[in-house]
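Enquirer: Okay, here's the prediction I keep looking at, along with the sequence it came from:
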Amino acid sequence: MMQGIRRLVGANGNKKRIGIGMRAMASVSAAESQEPSVVLPQMPAFDYKPQPYTGPSAEEILKKRKQFLGPSNFYFYEKPLNIVEGKMQYLFDEDGRRYLDAYAGIVCISCGHCHPDVVDAVIKQTKLLQHATTIYLHHAVAELAEALAAKMPGNLKVVFFVNSGTEANELAMMMARLYTGNHDMISVRNGYHGNGSNTMGLTSQSKWKFNVVQSGVHHAVNPNPYRGIFGADGPQYAKDVQEIIDFGTTGHVAGFIAETIQGVGGAVELAPGYLRAAYDIVRKAGGICISDEVQTGFGRMGSHYWGFETQGVIPDIVTVAKGIGNGLPIGAVVTTPEIAQVLTQRSHCVTFGGNPVSTAGGHAVLKVLDKEKRQEHSAVVGAHLINRLRELQDKYEIIGDVRGRGLMIGVELVTDRTSKTPATLETSLVFEKMKDLGVLVGKGGMYGNVFRIKPPMCFTKEDSDFLVDVMDYSLSKL
């Protein structure tokens, strides 16, 4: 059982068991808790004061959003937050209230919000030159390409810059088809690779797919160790890739793409040995292998810099975005010189790909991650956080699975551990309660029953304890 289990007498005289870590406590009024003796977790101290906010209120902004923004733009929480400032692993709302950010702007913030080194690099470049495409020379794009290629194994030494993960995966898929002369692509069920008209085909969750033409994409059985039919037997799942090739294609394919830990899909780590077996099958069918590192890359997983390294493979193409920019709009495709050559068949240029400001910022991000040893930090803090979450799992039957590596973690809630029925409603209730107590996490998975915990990589053990204590208290209120 986790540290800090307490038996407290409620207002009605009945004993009620709740778990609150003793490291982080603060008093709460009887009116709020209905239990006069209950104390709430207290956020770690942070020496920073946000600037006074004088802009429009949340209500005013929401009204404008509803009037002028597309209706597909959804927001978190019944009462959406107006976030006006960020510093490292914390966010501040319009009233100056501080929140612990355990979702990093959908896994975009790697170094920390407004990290001074990144901000300085962006301001310095902005004052000199905001934009010049790759039709001219500029040192920032060349220097980031060199730095990114240096992080890659094997012959992955050529970089194409784009603006997002969706665009990176679109380009990777096109390059696979051009290079091989084949059309069929294979991705993994429950994966997410973007919402463009082509990447939507690679994405394998119905709620992210529109009824538009998505030809030539097949979806292999998801090697999910928790819910999958073969448990943690990766090679057994990979046999489905061979069957797709045998029964659904000409026998030749353009490529295969997968995330090593499925992000939108609920932090599902692929079963061990899966990628090695799948890559071998795909390459024998003439295809190339693509690793989608949009969420898993840059040391977030702690044990390795890239997700594909956890499976002992080297892909032919790697796609990145999100963390490389620490919030800046930048993505990249990294591949071999041979594959890169296919784009010379026609004119190809991305207007904002390699923008000086974005690439200067991206280069600063890589330097910060190295200087501050964020991969090693993610391994240590992530291990601590996962251990504490598993202690929580021992206490609450509703926690079906705790999974992940480093600071890429998922907590799946189920109403029954045997049937693994998704606890979707309960997840939403805890999600709201955690926000009220100052912790922002993500929520995902096919059934919306997984907490996605993917904070900025400056997240500390103290932050981890606070997050777990808040989740503990929130679960106790179900």
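Expert: Structure's in. What do you need?
Enquirer: Before we go further, V318 is sitting in a strand, right?
Expert: Yes - counting by DSSP: H, G, I helix; E, B strand; the rest coil, V318 is located in a strand.
Enquirer: Skip the chain neighbours and tell me the closest residue to it.
Expert: Spatial nearest neighbour of V318, excluding adjacent residues (Cβ to Cβ, 6 or more residues apart in numbering): V334 at 4.6 Å. From N, CA and C alone the C-beta is placed, and that goes for glycine too.
Enquirer: Identify the bridge partners of the one you found.
Expert: In this structure, V334 bridges to V159, V318 when assessed by DSSP bridges.
Enquirer: Would you confirm that it contacts P153?
Expert: No - judged on Cβ atoms under 8 Å, V334 makes no contact with P153 at a distance of 10.6 Å.
Enquirer: Pick out whichever of those two has more residues nearby.
Expert: Counted by other Cβ atoms under 10 Å, V334 and P153 do not tie: V334 has more neighbours, with 24 against 13.
Enquirer: How far off centre is stretch 272-281?
Expert: Offset of stretch 272-281 from its chain centre (Cα atoms, centre = their mean, to the nearest Å): 23 Å.
Enquirer: mind checking which helix or strand of the protein has the lowest mean pLDDT?
Expert: Every helix and strand in the chain was compared by mean pLDDT, DSSP states H and E; the lowest is strand 5-9, with a mean of 30.
Enquirer: ok, the residue nearest to V318 to T133 distance?
Expert: Noted for V334: a distance of 20 Å to T133, by Cβ to Cβ, to the nearest Å.
Enquirer: cool, E338 as well?
Expert: The gap separating E338 from T133 is 25 Å, by Cβ to Cβ.
Enquirer: Ok, N195 next?
Expert: 25 Å.
Enquirer: Tell me who's in contact with R276.
Expert: 234-235, 311-313 (Cβ atoms under 8 Å, 6 or more residues apart in numbering).
Enquirer: From these, list the buried ones, please.
Expert: 234-235, 311, 313 (16 or more other Cβ atoms under 10 Å).
Enquirer: residue boundaries of the helices in this protein?
Expert: 30-33, 58-68, 104-107, 116-128, 139-150, 165-180, 199-202, 234-248, 274-284, 337-340, 356-371, 374-395, 424-436, 461-476 (DSSP state H).
Enquirer: Just give me how far the longest one sits from the chain centre.
Expert: Which is helix 374-395. On the basis of Cα atoms, centre = their mean, helix 374-395 sits 17 Å off its chain's mean C-alpha point.
Enquirer: which residues touch it?
Expert: By Cβ under 8 Å, 6+ apart, the list of residues contacting helix 374-395 reads 1-3, 5, 19, 110-111, 298-305, 368-369, 399, 401-402, 404-409, 411, 453, 457-461, 464-465, 467-468, 471-472, 475.
Enquirer: at 7 Å what do you get?
Expert: Contact with helix 374-395 is made by 1-2, 19, 299-300, 302-303, 305, 399, 402, 404-407, 409, 411, 457, 459-461, 464-465, 468, 471-472, as judged by Cβ atoms under 7 Å, 6 or more residues apart in numbering.
Enquirer: How about the fifth one?
Expert: For helix 139-150, the surrounding residues in contact (Cβ under 7 Å, 6+ apart) are 125, 134, 157, 159, 161, 332, 334, 354, 356, 359-360, 362-363, 366.
Enquirer: could those residues be laid out in CSV, adding pLDDT and distance to N326?
Expert: Converted to CSV, these look like this (pLDDT from 0 to 100; distance: Cβ to Cβ, whole Å):
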residue, pLDDT, distance to N326
Q125, 98, 14
T134, 93, 22
K157, 98, 24
V159, 98, 18
F161, 98, 16
A332, 98, 14
V334, 98, 18
G354, 92, 17
P356, 97, 16
T359, 98, 13
A360, 98, 12
G362, 98, 8
H363, 98, 11
L366, 98, 10
